[in-house]
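Student: sequence and predicted structure below; questions after.
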Amino acid sequence: MSKYVSIRGPVETRDGKLTLMIPLAVGGNELITSAKGISEIEGEYLRVTIPEWLALKMGIQSGMILDVDNREGKFTFSFDPIEKPN
């Protein structure tokens, strides 16, 4: 099992999809297993694509800052609604 990791980073739009680019060197390696199915290795990063249905449901937009972790072996994310861009 991977060690627990918690990282904060921006949502970007890449190839028309909402994406998190998590450096492998600062926790991305530990998140690979928990993000299986929505991620891929791209150079020195773990590229996580946020499913469109989930982005719509949660109101996730490009420019938002998400907190991601692998608590209990699951890839989870959250955000502070106060920081949501206009």
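Tutor: The structure has been received and is ready for your questions.

Student: run through who's touching stretch 34-50.
Tutor: Contacts to stretch 34-50, defined as Cβ atoms under 8 Å, 6 or more residues apart in numbering, come from residues 2, 11, 14, 17-25, 28-29, 31-32, 51, 60, 68, 70, 73-75. Where C-beta positions appear, they are placed from N, C-alpha and C, glycine not excepted.

Student: just the buried members of the residues you listed?
Tutor: Buried members of the contacts of stretch 34-50, scored by 16 or more other Cβ atoms under 10 Å, are 11, 18-22, 24, 28-29, 31-32, 60, 68, 70, 75.

Student: measure the spatially most central residue of the chain to Thr33 for me?
Tutor: Central residue of the chain (Cα atoms, centre = their mean): Leu20, 4.5 Å from the mean position. Distance, Leu20 to Thr33, using Cβ to Cβ, to the nearest Å: 16 Å.

Student: for Pro51, same thing?
Tutor: For Pro51, the distance to Thr33 - Cβ to Cβ - is 18 Å.
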